[in-house]
Structure formats: structure tokens, C-alpha cells
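Q: sequence first, then the predicted structure, then my questions.
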Amino acid sequence: MGKKIELTGLRFGRLTVIKEDEPYYTSGGNRKVRWICRCDCGNELSVVGERLRNGNTMSCGCYQVYRAKEANSKNLIGKKFGRLVVVRKADDYKNGKYSKSRWICKCICGKETIVRGNSLISGKTKSCGCLKSEANSIVHRKHGMSETRLNNILYGMKQRCYNQNSKRYSDYGGRGIIICPEWLGEHGLENFAKWALENGYADNLSIDRIDNDKGYSPDNCKWSTSKEQANNKRDTKKYEYKGERHTISEWAEITGINYHMLKARVTKYGYTMKEAIETPKYTRFSKLKNRNKND
């Protein structure tokens, strides 16, 4: 058994991990770590840790019931879900006494497909199938920069978050930064590739967390240029001027002032950002520095 990953306090879907439970042993004698979780509806249950991390268990079961009722009661015509736009209602799917709404959707590739309402609302179905084909071509292609790069990006994320021997672990896994369950496990790379394609992936961009105190997940990640990512680093200092806070490079871009001059004024000569921006271009550094000493 590998090293146990501490999950107490983390959220997985509608579940919040409260504490570790008694372990579960399989028929083959393998030990599985279990965790007591509280669902948003108030129910508590015990879940095997890998089912939480892989995204197989996201609630006590209440969420699926809620989604099914919501999907059956809503009019989805004209709404967009991923690559699909709902065109019109289809015949309901019936199974005994249960019935589920179905909708005819047009995909951006031009094909039409029939999808259950709960699959649209939950995000389970986002295309006619073309999105999965594109993602699979990236994941399984033998040659091509896109496949190699996406695979390496996800591998690097895993190393930073879970490998304690990684040089960058202390800044990521050591601070509690984790990867969302849907990007881990058997279909993790495929899911990651789907998200990348839907959210502006390009070979010249790198993955960037919007909030540096949160983990890697679809709602907290974006594709950024190296400049944007540098400005978003946790240790990148930001300076206030007129109620706004930006890095030196951002202030240089906003004000049109030469970056190297602005940086020298602030970091080398001790100017405040207000002084650095408002001091005329050709004022000698020593002049303002001496004036500050005499104030």
C-alpha cells in the first residue's frame, strides 16, 4: 500500500471529509482507507478514499435524485451545454413507472443527437461524441506536440501535488493543493484533454490556477501566457496606486512607463508606486531620493 493521502477537510462534489474511518479490507486482503464524509444535504457516509479522488462518489445519492427532478421540470430549448444547443423536446425515456425527459440537440459539428435532460444539466454529455473523439485523438496519437504536451502538463501537476520527492512539492502538495477527482484515475487524461479543448488550449499557453490557494480543477484553472502566469504567482509582489493593486509589469503596461525605469525606481531606489508613476520621466533618481530624506 502506498503512502496515505490526508483528505480531512477537503471537498469532493457535495461531500466534505470529516475524519478517517476504520479501513476496509478486500477479499484479497488489500487494505482500503475509508473516510467519514458529510453531504451537503446533512447525511453522513463512509467512502473509500480512491472513490473520492477518482470522482466515483460525489454525494450520498441525493444529488442524482435532485438533478433528475430538475431536468424533468425545466424547459431547456435554446440553452447551450458544452458543444450542444437544445433544439426541441424529444419523447421521454420511460422505464416502468419512471420517466426522464429527453431533448434533441444540435452539436457545433452539425450533427443532431438525443440526450437526457439530467445528462445535459449535470455536464455528463457535452457533445454528440465528437469531443470525445478529439480528446482520444490527442491522448492516443503516437506523434504530435499536443498529445505529448498535455500528457506532460498533467504529469507535472501530479508530481507537484503528490510526489513528496518533487522539488516543488512544498509549494503545492505541502500546502494542500490537490487535483480534482475527474482529472485523476483511469480517464483522468481524457477528461483533462476534453477540458483543455473546450477552454482555449494552445501550444504557447500553460495551465494557471486563478486562485493560488485552491487546487487544480476546471473552475479554478485557465490557459495563460508566460507573462500572465508570472503576474499570478503567489510570491509576485503587487503594488497599490489609486486603489488598485498590480505587479510592476502590469503598472508599466497600464501607464505606458518604461518597465525597467519603473522597476528601478521601486525596487532599487525605494520609491512608492505613486512616486514612481507620477515623477517626471527625466527626474534624476538621487533628486527625489534626497528630497524624501529631507521631508
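A: Yes, it's here.
Q: name the residues of stretch 14-30 that are buried.
A: Buried residues in stretch 14-30, counted by 16 or more other CB atoms under 10 Å: 14, 15, 16, 17, 20, 21. C-beta: built from backbone N, CA, C; applies to glycine.
Q: ranges for the helices of the protein?
A: Under the criterion DSSP state H, the chain contains helices at 49-53, 62-73, 117-122, 130-140, 145-162, 188-198, 226-231, 248-255, 259-263, 273-278, 285-294.
Q: from the buried residues of stretch 14-30, pick the one nearest residue 75.
A: Distances from residue 75 to the buried residues of stretch 14-30, taken as CB to CB, are shortest for residue 14 (25.4 Å).
Q: the closest one contacts residue 58, doesn't it?
A: Yes: with contact defined as CB atoms under 8 Å, residue 14 reaches residue 58; the gap is 6.2 Å.
Q: excluding sequence neighbours, find me the nearest residue to the spatially most central residue of the chain.
A: Centroid-nearest residue in the chain: residue 217, 2.4 Å away (criterion: CA atoms, centre = their mean). Among residues not flanking residue 217 along the chain, residue 180 sits closest, at 3.7 Å (CB to CB, 6 or more residues apart in numbering).
Q: what's the answer for residue 254, then?
A: That would be residue 246: by CB to CB, 6+ apart, it lies 6.7 Å from residue 254.
Q: for the stretch 151-295 of the chain, give me the ranges with low pLDDT.
A: Counting by pLDDT under 70, the ranges of the stretch 151-295 of the chain that qualify are 226-236, 282-295.
Q: try it again with 50
A: 234-235, 287, 290-295 (pLDDT under 50).
Q: re earlier: my read: the residue nearest to residue 217 touches residue 215, true?
A: Yes: here residue 180 reaches residue 215: they are 6.6 Å apart, a contact under CB under 8 Å.
Q: what residues are shared contacts of the two?
A: Listed as contacting both residue 180 and residue 215 by CB atoms under 8 Å, 6 or more residues apart in numbering is no residue at all.
Q: avg pLDDT for stretch 13-29?
A: Averaging pLDDT along stretch 13-29 yields 84.
Q: and stretch 78-92, end to end?
A: Taking CA to CA, to the nearest Å, the first and last residues of stretch 78-92 lie 18 Å apart.
Q: run the chain-centre distance for that stretch.
A: From the chain centre to the centre of stretch 78-92 is a distance of 26 Å (CA atoms, centre = their mean, to the nearest Å).
Q: buried ones in it?
A: Quick answer for stretch 78-92 (16+ other CB under 10 Å): 81, 82, 83, 84, 86, 90.
Q: and the gap between the fifth one and residue 119?
A: Taking CB to CB, to the nearest Å as the criterion, residue 86 is separated from residue 119 by 12 Å.
Q: got it, and residue 129?
A: 13 Å.
Q: got it, and residue 149?
A: For residue 149, the distance to residue 119 (CB to CB) stands at 30 Å.
Q: got it, and residue 244?
A: Computed as CB to CB, the residue 244 to residue 119 distance reads 43 Å.
Q: between these two, which one's more packed in?
A: Shown here are residue 244 and residue 119; by other CB atoms under 10 Å, residue 119 has more neighbours (17 against 12).
Q: contacts for the lengthiest strand in the chain?
A: Counting by DSSP state E, the longest strand found in the chain is strand 84-95. The contact list for strand 84-95 (CB under 8 Å, 6+ apart) reads 76-80, 99-107, 112-116, 120, 125-128.
Q: wait, residue 76 touches residue 119, no?
A: No: Residue 76 is beyond contact range of residue 119, at 11.2 Å (criterion: CB under 8 Å).
Q: and residue 208, how many neighbours?
A: Residue 208 has 19 neighbouring residues, counting by other CB under 10 Å.
Q: can you start the count at 479 instead of 1 from here on
A: Done: numbering now begins at 479, and the last item shifts to residue 686.
Q: distance of it from residue 719?
A: Separation of residue 686 from residue 719 (CB to CB): 24 Å.
Q: with residue 729 instead?
A: Taking CB to CB, one finds residue 729 at 7 Å from residue 719.
Q: of the two, who's got more company?
A: Shown here are residue 729 and residue 719; by other CB under 10 Å, residue 729 has more neighbours (22 against 17).
Q: residue 651: neighbour count?
A: Per other CB under 10 Å, the neighbour tally for residue 651 reads 21.
Q: oops, could you answer that again for residue 652 instead?
A: Residue 652 has 13 neighbouring residues, counting by other CB under 10 Å.
Q: now do the contacts for it.
A: Counting by CB under 8 Å, 6+ apart, residue 652 touches residue 642.
Q: from residue 487, how far out is the nearest residue to residue 525 once chain neighbours are set aside?
A: Leaving out its chain neighbours, the residue that sits closest to residue 525 by CB to CB, 6+ apart is residue 535, at 4.9 Å. Counting by CB to CB, the separation of residue 535 from residue 487 is 17 Å.
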